[in-house]
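In: How does the following fold in three dimensions:
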Amino acid sequence: MNVPELKTTIIKRIIEIDDLDLLKSLEGLFNTSDKNISKFLELANEKLQQENEYETEDFTAYIKEWVKNM
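Out: Residues are numbered from 1 along each chain as shown. Presented below is the predicted three-dimensional model:
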């Protein structure tokens, strides 16, 4: 995805937001420096990655049962 497409996608997502508190939060974010925005997005990305790690399924019991039945 190139820069103009990405900008358009982001703008469309923002237009869909009806929550005033969320819009105010985004406004505050956009009013900060690029360095602060980058730091915020980095932290948000780390949190998302951690949440995804916890959502992985544990197939250990399944594998043990499968091996036992072989």
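
In: Nearest the middle, which residue of the chain would you pick?
Out: Leu48 (5.1 Å; C-alpha atoms, centre = their mean).

In: what about it, which helix or strand?
Out: For Leu48, the host element (DSSP states H and E) is helix 34-54.

In: chain center to that helix: distance?
Out: 7 Å (C-alpha atoms, centre = their mean, to the nearest Å).

In: ok, now stretch 22-40?
Out: Computed by C-alpha atoms, centre = their mean, the chain-centroid distance of stretch 22-40 equals 16 Å.

In: which residues touch stretch 13-20?
Out: 23, 26 (C-beta atoms under 8 Å, 6 or more residues apart in numbering). For the C-beta atoms, the positions are set from N, CA and C on the backbone; glycine is no exception.

In: Let me know the next secondary structure element after the helix holding Leu48.
Out: Past helix 34-54, the next helix or strand by DSSP H and E is helix 60-68.

In: which regions of the chain sit below the pLDDT cut-off?
Out: Counting by pLDDT under 70, the ranges of the chain that qualify are 54-58, 70.

In: one more time with 90
Out: Applying pLDDT under 90 to the chain picks out residues 1, 3, 6, 10, 25-70.

In: just the CA coordinates of stretch 1-14, formatted as CSV?
Out: Provided in CSV are the C-alpha atoms of stretch 1-14 (Å, rounded to 0.1, in the frame of the first residue of the first chain):
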residue,chain,number,x,y,z
MET,A,1,0.0,0.0,0.0
ASN,A,2,1.4,3.4,-1.0
VAL,A,3,1.3,6.6,1.0
PRO,A,4,-1.8,8.2,-0.6
GLU,A,5,-3.8,5.0,-0.3
LEU,A,6,-2.8,4.6,3.3
LYS,A,7,-3.8,8.2,4.1
THR,A,8,-7.2,7.7,2.4
THR,A,9,-7.8,4.5,4.4
ILE,A,10,-7.0,6.3,7.6
ILE,A,11,-9.2,9.2,6.8
LYS,A,12,-12.1,6.9,6.0
ARG,A,13,-11.7,5.1,9.3
ILE,A,14,-11.6,8.4,11.2
